[in-house]
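**Student:** pasting the structure only:
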């Protein structure tokens, strides 16, 4: 059944054409017909070689309309900052006690934030948090004294992105149930964040070489890059 649905979806799309972003969003949304609320995904091919230190691409962006998911937040902090984190809505707040829970495999959160003075404790959890993409990092704004701001960003659906092999960046930016204008706004915010994070060693010429959007179970739609700046 899924194969039949996908074949029908492909019939509605010219796989050789590059669509204007608004039209592409319309097509992807129209073909997201699974029995669950599919995620709208964006895949970018950037003009970089991530194996080179000066071409590493990594960062965070906050979709203006969230990504249709609620996030549970853990914060490593002590004293007044711990109280601030609780007031800001963090579900888990602690220091050595929180580290002990994580060591035992009790990871019941989607985002992890830490104040700089807590990195001595958090650093020991690298082997546990690192593979899950939960390790706090100052470059990503998750090691900070502004715990209220970091928690607000996490709750708003802040998404981490990083380039994989061949310079490909792939993230989910919305749900198919979102109105087209909100999907469009989230996609543009992601592209803006990518451009702002352009590494110093990026190759000459266009930084973004290719952009495709799709839904979880739907076909990919190639986007005309000129429509991103229109």
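**Tutor:** Sure thing, it's come through. Keep in mind the model is a prediction, meaning the values are calculated, not measured.
**Student:** Contact partners for the closest residue in space to residue 40 that isn't next to it in sequence?
**Tutor:** In space, and not counting its chain neighbours, residue 40 is closest to residue 174: 4.3 Å by C-beta to C-beta, 6 or more residues apart in numbering. The C-beta positions use only the backbone N, C-alpha and C, and glycine is treated the same way. Residue 174 sits next to 39-40, 63, 65, 67-68, 182-183, 186-187 when contact means C-beta atoms under 8 Å, 6 or more residues apart in numbering.
**Student:** Can you check the pLDDT for residue 174?
**Tutor:** Looking at residue 174, its pLDDT reads 94.
**Student:** And the one 10 residues further on, by the same measure?
**Tutor:** On pLDDT, residue 184 comes in at 95.
**Student:** Where does it sit, in terms of helix or strand?
**Tutor:** Per DSSP states H and E, residue 184 falls inside helix 180-196.
**Student:** Need the contact partners of that helix.
**Tutor:** With contact meaning C-beta under 8 Å, 6+ apart, helix 180-196 is reached by 21-22, 25-26, 29, 40, 42, 44, 46, 57, 59-65, 67, 159, 161, 169, 171, 173-174, 178, 207-208, 211, 213, 228.
**Student:** I'd say residue 91 and residue 75 touch.
**Tutor:** No - with contact defined as C-beta atoms under 8 Å, residue 91 does not count as touching residue 75 (9.0 Å).
**Student:** Between the two, which has more neighbouring residues?
**Tutor:** Using other C-beta atoms under 10 Å as the criterion, residue 91 and residue 75 rank with residue 75 on top: 31 against 16.
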